[in-house]
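In: all I have is the shape, not the residue letters:
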Ligand SMILES: Nc1ncnc2c1ncn2[C@@H]1O[C@H](COP(=O)(O)OP(=O)(O)O)[C@@H](O)[C@H]1O
Ligand SMILES: Cc1cn([C@H]2C[C@H](O)[C@@H](COP(=O)(O)OP(=O)(O)O)O2)c(=O)[nH]c1=O
């Protein structure tokens with residue numbers, strides 16, 4: 001089963017991912033951007049204020065393709081629970097926002113289309129819901145995507161994705177205390193894993 005954690009920067013994804021790691025020691029825990037050289041290229045682009053947004057999209061997509069073939073598909077083929085801190089929805093939400101002011105028409109649909117040809121969509125996605133101001137403050141605005149006005153656009157793209165596939169998403173109110181958020185995430189994951197059937201084989 002492929003479970004992803006999504007939300008704005010500072011929404012608490014990494015905190016939740018670390019807690020789940022303790023609760024599910026046999027699962028495969030992974031993230032995007034990855035720690036491969038493709039992920040390094042992504043972080044390099046993130047540090048550039050004038051990076052071309054379309055070029056940046058393709059760096060993220062290259063990192064995702066490598067992540068899928070090297071980590072996600074093999075782990076799913078082994079029947080593992082795979083938990084990814086960010087995944088495809090981050091591209092649909094963030095790069096659709098960064099491409100919004102370009103000539104590209106309907107960027108969110110375009111980005112989904114690129115992925116549709118090769119990706120493995122998540123079975124379930126926990127969306128950590130927090131307002132852009134809180135997110136930007138928690139994240140400490142260390143990169144160009146962490147500004148609150150940009151995050152507001154990203155948030156509205158996430159809402160479009162949730163509207164399109166409400167059955168895939170579990171929304172968790174992430175404005176609460178860390179303890180309350182972690183309890184809600186752990187409850188949701190327990191329900192999802194149970195509903196999916198523990199130990200089911202999964203060819204990815
Ligand atoms: N529920 C919460 N309330 C207040 N601060 C939080 C909460 N969850 C996480 N934080 C803090 O906010 C910052 C960003 O959290 P993190 O888990 O790294 O978010 P993300 O991975 O979504 O960017 C960290 O300093 C973390 O300790
Ligand atoms: C995976 C991914 C991340 N990002 C952005 C979100 C973050 O601002 C940045 C780095 O991701 P990440 O290290 O997960 O940041 P955080 O822990 O603060 O949420 O990359 C995209 O724009 N598109 C993507 O596909």
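Out: Everything's here; your move. What you see is a predicted model; the values in this text were computed from it and never measured. Numbers count the residues shown, from 1 in each chain. Ligands and ions are numbered 1, 2, ... in the order given.
In: what about the worst-scoring helix or strand of the chain on mean pLDDT and ligand 2, any contact?
Out: Using mean pLDDT, DSSP states H and E, the weakest-scoring helix or strand in the chain turns out to be helix 132-139, at a mean of 92. Yes: residues of helix 132-139 contacting ligand 2 under Cβ under 6 Å from any ligand atom: residue 139. For the C-beta atoms, the positions are set from N, CA and C on the backbone; glycine is no exception.
In: what comes up buried for that helix?
Out: Residues of helix 132-139 classed as buried by neighbour count (16 or more other Cβ atoms under 10 Å): 132, 134-136, 138-139.
In: list the contacts of that helix.
Out: With contacts defined as Cβ atoms under 8 Å, 6 or more residues apart in numbering, helix 132-139 is touched by 7-12, 130, 146-149, 151-152, 154-155, 175.
In: again, only this time at 7 Å
Out: Helix 132-139 is contacted by residues 8-11, 146-148, 151-152, 155, 175 when judged by Cβ atoms under 7 Å, 6 or more residues apart in numbering.
In: re the thing from before, of the buried residues of helix 132-139, which is the nearest to residue 104?
Out: Nearest to residue 104, judged by Cβ to Cβ, of these is residue 132 at 23.2 Å.
In: quick check: closest non-adjacent residue to that closest one.
Out: residue 151 (3.7 Å; Cβ to Cβ, 6 or more residues apart in numbering).
In: kindly report the same for residue 192.
Out: Leaving aside its sequence neighbours, residue 192 sits nearest to residue 124 (Cβ to Cβ, 6+ apart; 4.8 Å).
In: three-state assignment of the residue in the chain sticking out farthest from the centre?
Out: Largest separation from the mean C-alpha position in the chain: residue 103, at 25.6 Å (Cα atoms, centre = their mean). At residue 103 the chain is in coil, as set by DSSP: H, G, I helix; E, B strand; the rest coil.
In: now it: how far from ligand 2?
Out: Distance check for residue 103 against ligand 2: by Cβ to the nearest ligand atom, to the nearest Å, it reads 20 Å.
In: likewise residue 111?
Out: Relative to ligand 2, and taking Cβ to the nearest ligand atom, residue 111 is found at 9 Å.
In: repeat for residue 3
Out: With distances taken as Cβ to the nearest ligand atom, residue 3 is found 16 Å from ligand 2.
In: in contact with that residue, which residues?
Out: So residue 3 contacts 81-83, 122-124, 189, 192 (Cβ under 7 Å, 6+ apart).
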